[in-house]
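Undergrad: what's the 3D shape of this:
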Amino acid sequence: MQKQIKSALISVFYKDNLENIVKKLGEQGVTIYSTGGTQKFIEELGVKCVAVEELTAYPSILGGRVKTLHPKVFGGILARRENAQDLEQLKQYEIPELDLVIVDLYPFEETVKSTTEEQTIIEKIDIGGVSLIRAAGKNYKDVVIVASKDQYADLEKVLTENNGNTSIEDRRAFAAKAFEVCANYDVAIAQYFLHNEPAAYFQVSAAEGQVMRYGENPHQRGVFYGDLSEIFNKLHGKELSYNNLVDVDAACQLIQEFAETTFAVIKHTNVCGIASRSTLKEAWEAALAGDKESAFGGVLVTNTVVDKATAESISEIFFEILIAPGFDADALTVLQAKKNRILLQQLKPVVTANVYKNVLNGVLLQESDKGSYKEWNETGARPATAAEKADLEFANIVCKHLKSNAIALVKDRQLIGKGCGQTSRIDALRHAIEKANQFRFDLKGAAMASDAFFPFDDCVRIAHEEGIVSVIQPGGSVRDNDSVEFCKQNGMVMVMTGMRHFRH
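TA: Just a heads-up that it's a prediction; the model follows:
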């Protein structure tokens with residue numbers, strides 16, 4: 001069912017790329033109604049325009065809060081053209097039919113990002129715009145609704161190619177997008193009022209997604225919803241893939257837990273090498289030594305500006321991505337020698353209030369895992385030395401960022417062995433020891449961290465046999481005392497944190 005656009009209501013915040021549409025409507029003899037700044041914009045283009053105030057006989061009131069909320073506006077939008085009674089009432093009350101509505105919404109999310117001043121934010125909650133969009137969308141059989149500047153190009157195409165005629169398919173597609181815009185807007189407002197507290201129902205506010213080359217595998221479609229430019233300045237390399245983004249997130253979440261100069265290598269979201277040192281080059285070399293095989297094709301991350309000496313050392317291996325707070329100019333020259341390397345300058349921390357996971361026919365939501373321990377309860381044979389405490393804290397953070405079941409072995413603030421994603425804690429420990437032995441690390445004097453408690457004393461026994469002298473774990477097993485007693489009898493340090501770090 002074709003409909004000719006004969007009248008239009010235009011009232012927008014964003015006027016970018018609107019000029020051609022206004023001129024085209026003027027050329028096609030469309031009667032245009034408008035308000036305030038949009039009316040001025042249209043008239044300055046030399047196109048005739050009727051002020052909404054002329055139609056309603058009411059001025060804009062309450063500081064602009066009420067402009068279009070009037071029966072003469074909503075009647076013209078909601079009237080069913082095939083309904084004789086509706087048309088008779090339009091005639092009775094001198095209400096013109098409105099065939100096209102171009103309305104966008106105040107920039108609420110942008111305002112929240114730019115200020116904390118509540119009154120400024122509240123004034124960017126759009127009322128009339130949402131109402132007009134919903135009305136026009138509801139009556140899509142007769143009305144075209146354009147609710148975002150992102151749709152201007154689609155409308156211009158319709159006006160140009162079809163001379164202002166729209167099909168029912170066109171109008172339904174515009175309406176679908178319009179309701180999507182409103183839904184996203186309402187969620188953003190609700191989230192502001194909730195202040196990141198979980199809602200009683202599932203809600204996510206996401207802008208139009210960036211289509212990836214593919215998802216986790218080539219046969220899967222992938223889309224990213226978010227604005228990477230808020231967090232990163234991409235300095236070099238190809239486009240980030242779905243898997244890249246997953247690993248980059250894991251890398252950033254890990255590195256921001258360290259204050260000292262630290263370098264880490266991430267592979268499939270697990271850290272395979274990490275170390276803290278007095279210089280960045282030393283940190284890089286120690287991190288790489290932790291697992292040279294897994295580092296191939298990995299994601300590298302540091303919390304320190306990359307210098308030339310470190311860049312030259314890094315360039316000796318193949319890697320996908322390097323993330324840092326900055327790069328010296330000569331370091332950047334070295335790193336940019338390979339075309340496909342992705343170099344990301346991290347502009348600010350990654351702040352994640354909630355974590356989502358789709359399961360079965362629904363979605364799980366949980367708060368992000370903040371902190372590394374609630375308490376520092378030393379229950380072993382003796383207090384930890386300063387060096388042992390540093391290694392235990394380091395190991396505990398690393399273990400928090402490994403897939404469960406997880407064990408991290410650390411010596412001198414360097415990851416020397418890890419076991420992750422295992423179906424038993426003993427398997428995770430055995431795998432960690434095997435990794436340490438593979439790269440010829442001496443486990444004597446090392447620290448061990450576990451993401452969850454020990455139900456038996458088997459893990460501390462195996463650790464003791466390898467020369468590990470200190471252990472950190474959350475505690476909470478009914479058989480905690482088995483492990484505690486073994487540590488006491490064998491001169492081992494045991495710290496219980498009261499905080500488990502499962503990561504599935």
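Undergrad: low-confidence ranges, this structure, go.
TA: 196-208 (pLDDT under 70).
Undergrad: let's see that with 50 instead.
TA: Across the chain, nothing is flagged by pLDDT under 50.
Undergrad: quick one, domains of it?
TA: 3-194, 229-346, 377-496 (the TED database).
Undergrad: can I get those in CSV with distance to residue 212 and mean neighbour count?
TA: Every residue, glycine included, has its C-beta placed from N, CA and C. Listed next are those as CSV, based on distance: least, C-beta to C-beta, whole Å; neighbours: other C-beta atoms under 10 Å:
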stretch, distance to residue 212, mean neighbour count
domain 3-194, 19, 17
domain 229-346, 5, 19
domain 377-496, 23, 20
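Undergrad: so which of the ones you listed is nearest residue 359?
TA: For residue 359, the closest of these is domain 377-496, at 16.5 Å, according to C-beta to C-beta.
Undergrad: how much space separates the residue located most distally from the centre of the chain from residue 210?
TA: Distance from the C-alpha centroid of the chain, by C-alpha atoms, centre = their mean, peaks at residue 92 (52.5 Å). To residue 210, residue 92 is 50 Å away according to C-beta to C-beta, to the nearest Å.
Undergrad: one more: residue 455?
TA: Distance of residue 455 to residue 210, computed by C-beta to C-beta: 45 Å.
Undergrad: kindly report the same for residue 361.
TA: To residue 210, residue 361 is 27 Å away according to C-beta to C-beta.
Undergrad: spatially nearest residue to residue 482, not counting backbone neighbours?
TA: Spatially, and ignoring its direct neighbours in sequence, residue 482 is nearest to residue 457 (4.1 Å; C-beta to C-beta, 6 or more residues apart in numbering).
Undergrad: quick one: the one you found from residue 463, how far?
TA: 10 Å.
Undergrad: kindly report the same for residue 105.
TA: Using C-beta to C-beta, we find residue 105 at a distance of 59 Å from residue 463.
Undergrad: ok so, going back, which residue of residue 361 and residue 210 possesses the greater neighbour count?
TA: Between residue 361 and residue 210, residue 210 has the larger neighbour count (other C-beta atoms under 10 Å), namely 15 against 5.
Undergrad: residues touching that one, list them.
TA: If you count contacts by C-beta atoms under 8 Å, 6 or more residues apart in numbering, residue 210 has them with 223, 224, 225, 226.
Undergrad: tell me what it is bridged to.
TA: Legend: beta-bridge partners of residue 210 under DSSP bridges are residue 224.
Undergrad: now residue 309: closest residue in space, sequence neighbours ignored.
TA: residue 281 (5.1 Å).
Undergrad: quickly find the element holding the one you found.
TA: Per DSSP states H and E, residue 281 falls inside helix 280-289.
Undergrad: on the three-state scheme, residue 323 is what?
TA: State at residue 323, reduced to three classes by DSSP: H, G, I helix; E, B strand; the rest coil: strand.
Undergrad: now it: how far from residue 99?
TA: Distance, residue 323 to residue 99, by C-beta to C-beta: 51 Å.
Undergrad: would you quantify the distance from the closest residue to residue 140 other than its chain neighbours to residue 133?
TA: Among residues not flanking residue 140 along the chain, residue 175 sits closest, at 3.8 Å (C-beta to C-beta, 6+ apart). Residue 175 is 9 Å from residue 133, where distance means C-beta to C-beta.
Undergrad: then residue 224?
TA: With distances taken as C-beta to C-beta, residue 224 is found 26 Å from residue 133.
Undergrad: what about residue 270, distance to residue 255?
TA: Distance, residue 270 to residue 255, by C-beta to C-beta: 14 Å.
Undergrad: need the contact list for the residue nearest to residue 479 when sequence neighbours are not counted.
TA: In space, and not counting its chain neighbours, residue 479 is closest to residue 455: 5.8 Å by C-beta to C-beta, 6+ apart. Counting by C-beta under 8 Å, 6+ apart, residue 455 touches 425, 477, 479.
Undergrad: still on that earlier bit, distance to residue 214 for the domains of the chain - can I get that in a markdown table?
TA: What follows is the domains of the chain, written out as a markdown table (distance: least, C-beta to C-beta, whole Å):
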| stretch | distance to residue 214 |
| --- | --- |
| domain 3-194 | 24 |
| domain 229-346 | 7 |
| domain 377-496 | 23 |
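Undergrad: what's next to stretch 66-85, contact-wise?
TA: By C-beta under 8 Å, 6+ apart, stretch 66-85 touches 7, 9, 11, 33, 35-36, 52, 55-56, 58, 60, 86-87, 89-90, 93-98, 101, 127-128, 131-132, 135-136, 138-139, 141-143.
Undergrad: which of those residues fall in helices?
TA: 36, 52, 55-56, 86-87, 89-90, 128, 131-132, 135-136, 138 (DSSP state H).
Undergrad: let's verify the most centrally placed residue in the chain: helix, strand, or coil?
TA: Geometric centre of the chain, nearest residue: residue 226, 5.1 Å, by C-alpha atoms, centre = their mean. Taken by three-state DSSP, the conformation at residue 226 corresponds to coil.
Undergrad: list the contacts for the closest residue to residue 168 other than its chain neighbours?
TA: Leaving out its chain neighbours, the residue that sits closest to residue 168 by C-beta to C-beta, 6+ apart is residue 1, at 4.8 Å. By C-beta under 8 Å, 6+ apart, the contact list for residue 1 reads 141, 167, 168.
Undergrad: rerun that using 10 Å as the cut-off
TA: Taking C-beta atoms under 10 Å, 6 or more residues apart in numbering as the criterion, residue 1 is in contact with 82, 141, 142, 166, 167, 168, 169, 171.
Undergrad: just those residues now: which is nearest residue 247?
TA: So of the contacts of residue 1, ranked by how close each gets to residue 247 (C-beta to C-beta), first place is residue 169, at 41.1 Å.
Undergrad: so the lengthiest helix in the chain versus helix 128-138, what angle?
TA: Criterion DSSP H: the longest helix present in the chain is helix 168-194. When axes from the mean of the first three to the mean of the last three C-alpha atoms, to 10 degrees is applied, the directions of helix 168-194 and helix 128-138 differ by 150 degrees.
Undergrad: starting at the chain centroid, how far to helix 168-194?
TA: Here the centre of helix 168-194 is set off from its chain's centre by 20 Å, with C-alpha atoms, centre = their mean, to the nearest Å.
Undergrad: for it, packing partners?
TA: Contacts defined by 3 or more C-beta pairs under 10 Å, 6 or more residues apart in numbering; DSSP states H and E place helix 168-194 against strand 3-4, strand 100-103, helix 108-114, helix 118-122, helix 128-138, strand 144-146, helix 152-161.
Undergrad: pairing partners for the shortest one, with directions?
TA: Okay, so that is strand 3-4. Checking strand 3-4 against DSSP bridges gives partners strand 165-166 (antiparallel).
Undergrad: let me see the ranges of the helices in the stretch 351-500 of the chain.
TA: 386-400, 425-438, 458-465, 480-489 (DSSP state H, counting those that start in this stretch).
Undergrad: got the angle between the third one and helix 425-438?
TA: Going back to what we said before, that points to helix 458-465. 20 degrees.
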